[in-house]
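Student: Mind looking at a prediction? Sequence and model below.
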Amino acid sequence: MSATATAALAASATVTSLPHAETAPVVRDTRPLRLITCGSVDDGKSTLIGRLLWDTKAVKEDQAASLHRDSGKQNDLGLPDFALLLDGLQAEREQGITIDVAYRYFSTDKRSFIVADTPGHEQYTRNMATGASTADLAVLLVDARAGLLEQTRRHATIASLMGIRQFVLAVNKIDLTGYDRAGFEKIAHDFKELALSLGIRQVTAIPMSALKGENVVYRGTDAMPWYEGPTLVETLELATVRSAQTVGFRLPVQRVSRPGESFRGYQGTVAGGSVKPGDSVAILPSGMIANVTKIVTFDLVRNAAVAGDAITLVLDRQVDVARGDMIVSLESQPQIGLAFDAQIVALQPSGIEPGKRYWLKSGSRRQRVTVQPASQLDLKTGKWHHHAEALPMNAIGKVHLAFDEIAIFDPYEQNRTTGAFILIDPDTNNTVAGGMITARRNDIGGIHENDRRVILSLPADLADQIMASEAFANRRDEVDIRRTTAGRAAELLDDLDN
Ligand SMILES: Nc1nc2c(ncn2[C@@H]2O[C@H](COP(=O)(O)OP(=O)(O)OP(=O)(O)O)[C@@H](O)[C@H]2O)c(=O)[nH]1
């Protein structure tokens, strides 16, 4: 058997399609599915999103009217230019300072969807990574005339790195190939091989014309009687919501509420699993154990809470809990330690400097961390290269994180909230990287003998007050307080609150 034939066999044997109605009756999941669309410039991404919004009737009537008016003559086929629907997003993009992702919403009678639209240019890795970090599924567009491009590998690599395991390959503009079946099948086969090399096993390839609306929401049977697979929307309706797959209960504590002497509640948004009264929980990092007596949301007392619920938790005994602690299920706990491995995406022109100390923020916790790059991903080949130098903007790197104090994480594969973080440059207060925890390291982490000072950037008036206090006089060796401009302080507070 030739190498190509062997590869073809391997591909067909191990890559499965996403379930679709005819072959796999599954219980429908009604939670919103988050998806990301990626493609090279002009592959038809805007047209596809516009078409999805249009055919699912997500476009409001006034928008529809202006669409007909604006696109009018420009289109040979007499069809509205769906890409115009996304014009509004351009303004949002231009305002975006750090991250450039726009979200659109649509629904069918079976499910609702949130689509992240990210620009296709090479330098926008960071935007794509951001969109992909919350997505359950990626739709990769290719032009049916061009087939797979370097950009396709790049996007598939980033999406898989960000934890996406379900892919749709949208072979778009199939109308411009005369609905060529053999051409479609070759592209689908090439992509399945690429997917296998990335460890992606759930791939559905769909021939489509976003412009004409074939196999997007409605079937394109007249033009493509040879295609019997699902439409894009059918595939999306049956895909799995990833946020459901989390390990035990996790509540990062955002606030301790003490409205009266007798009531003490711990507030936050559940970041994984579920909780009910009577459950035993551990408070990390202290390791104290307590039982849940009550769960409150707004004024309602609840008998259970699940991931995504904002709650106040009441425990059966007095325990020492502070903002930044995590309340977790006793039987399935996160990892705690001083050193972790992570993958990060560098977001700012300053890149990530080796050995530099940053603030790491994950949920309500903010800690000092030293970051040491170990390797960098070559996005052209999908290979990792040893790299202990600075990571430039848009680079994806593996890094070692060394903390001054105990840190608490789940691996990102298991929980996308408690496994994710951002890095903040303490000198500028800019968010310089987004990252995912891959594993805990057994090293003893890094309290740096020569660098024990904590730098607090505060608005000038507050900084002056604190510097004048007795408490500060006693801790002058450990704490360095910097006066910031109002703008910077606001940015810092925004970062901390988000
Ligand atoms: N014939 C045909 N043309 C299409 C199809 N999809 C998109 N186009 C056209 O291809 C061109 C590019 O489409 P866009 O939707 O703007 O592409 P894009 O990928 O969003 O491009 P950028 O916004 O520049 O990244 C437009 O002229 C579309 O009308 C299709 O299925 N068939």
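Tutor: Thanks, I have it.

Student: Got the confidence number for Leu251?
Tutor: Looking at Leu251, its pLDDT reads 94.

Student: what about it, neighbour count?
Tutor: Around Leu251 sit 29 other residues, with neighbours defined as other C-beta atoms under 10 Å. For glycine as for every other residue, the C-beta is placed from the backbone atoms N, C-alpha and C.

Student: Tell me the spatial nearest neighbour of it, not counting adjacent residues.
Tutor: Ile327 (4.3 Å; C-beta to C-beta, 6 or more residues apart in numbering).

Student: Wait, that neighbour touches Gly248, no?
Tutor: No. In this structure, Ile327 is not within contact of Gly248 by C-beta atoms under 8 Å, at 10.8 Å.

Student: between those two, who's got more neighbours?
Tutor: More crowded of Ile327 and Gly248, by other C-beta under 10 Å: Ile327, with 24 against 20.

Student: for the more buried one, helix, strand, or coil?
Tutor: Under DSSP: H, G, I helix; E, B strand; the rest coil, Ile327 falls in the strand class.

Student: show me the residues around it that make contact.
Tutor: Residues near Ile327 by C-beta atoms under 8 Å, 6 or more residues apart in numbering: 249-251, 253, 266, 268, 281-284, 313, 321.

Student: so which of the residues you listed are also by the ligand?
Tutor: Among these, no residue sits close to the ligand (C-beta under 6 Å from any ligand atom).

Student: Keep only those of the residues you listed that are in strands.
Tutor: Mapping those onto strands (DSSP state E) picks out 250-251, 266, 268, 281-284, 313.

Student: which of these lies closest to Ala388?
Tutor: Distances from Ala388 to the ones in strands among the contacts of Ile327, taken as C-beta to C-beta, are shortest for Leu284 (31.7 Å).

Student: In the stretch 1-150 of the chain, where is pLDDT below threshold?
Tutor: For the stretch 1-150 of the chain, residues meeting the criterion pLDDT under 70 lie at 1-31, 59-101, 119-127, 130.

Student: The stretch 251-400 of the chain too?
Tutor: 299.

Student: ok, now with 80
Tutor: 259-263, 298-299, 308, 347-348, 363-364, 379-383, 387-388, 394 (pLDDT under 80).

Student: could you pull out the strands for it?
Tutor: 255-260, 263-269, 274-275, 280-284, 288-297, 300-302, 305-306, 310-315, 326-329, 335-346, 356-362, 365-378, 383-386, 396-409 (DSSP state E, counting those that start in this stretch).

Student: circling back to that earlier point, could the ones in strands among the contacts of Ile327 be laid out in CSV, adding distance to Ala182?
Tutor: CSV is the format used below for the ones in strands among the contacts of Ile327 (distance: C-beta to C-beta, whole Å):
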residue, distance to Ala182
Arg250, 50
Leu251, 54
Tyr266, 61
Gly268, 55
Val281, 59
Ala282, 59
Ile283, 62
Leu284, 57
Leu313, 59
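
Student: Next, name the residue at the spatial heart of the protein.
Tutor: Ser133 (1.4 Å; C-alpha atoms, centre = their mean).

Student: Ranking the strands of the stretch 251-400 of the chain by mean neighbour count, which comes first?
Tutor: Highest mean neighbour count among the strands of the stretch 251-400 of the chain (mean count of other C-beta atoms under 10 Å): strand 326-329, with a mean of 25.

Student: quick one, what contacts the closest residue to Val301 other than its chain neighbours?
Tutor: In this structure, Val301 finds its nearest non-sequential neighbour in Lys294, 6.2 Å apart by C-beta to C-beta, 6+ apart. Applying C-beta under 8 Å, 6+ apart to Lys294 gives the contacts 277, 301, 313-314.

Student: ok, of those, which one's closest to the ligand?
Tutor: Nearest to the ligand out of those is Leu313 (C-beta to the nearest ligand atom; 45.1 Å).

Student: OK, contacts around the closest one?
Tutor: 251, 265-268, 275, 281, 292, 294-295, 327 are the contacts of Leu313 under C-beta under 8 Å, 6+ apart.
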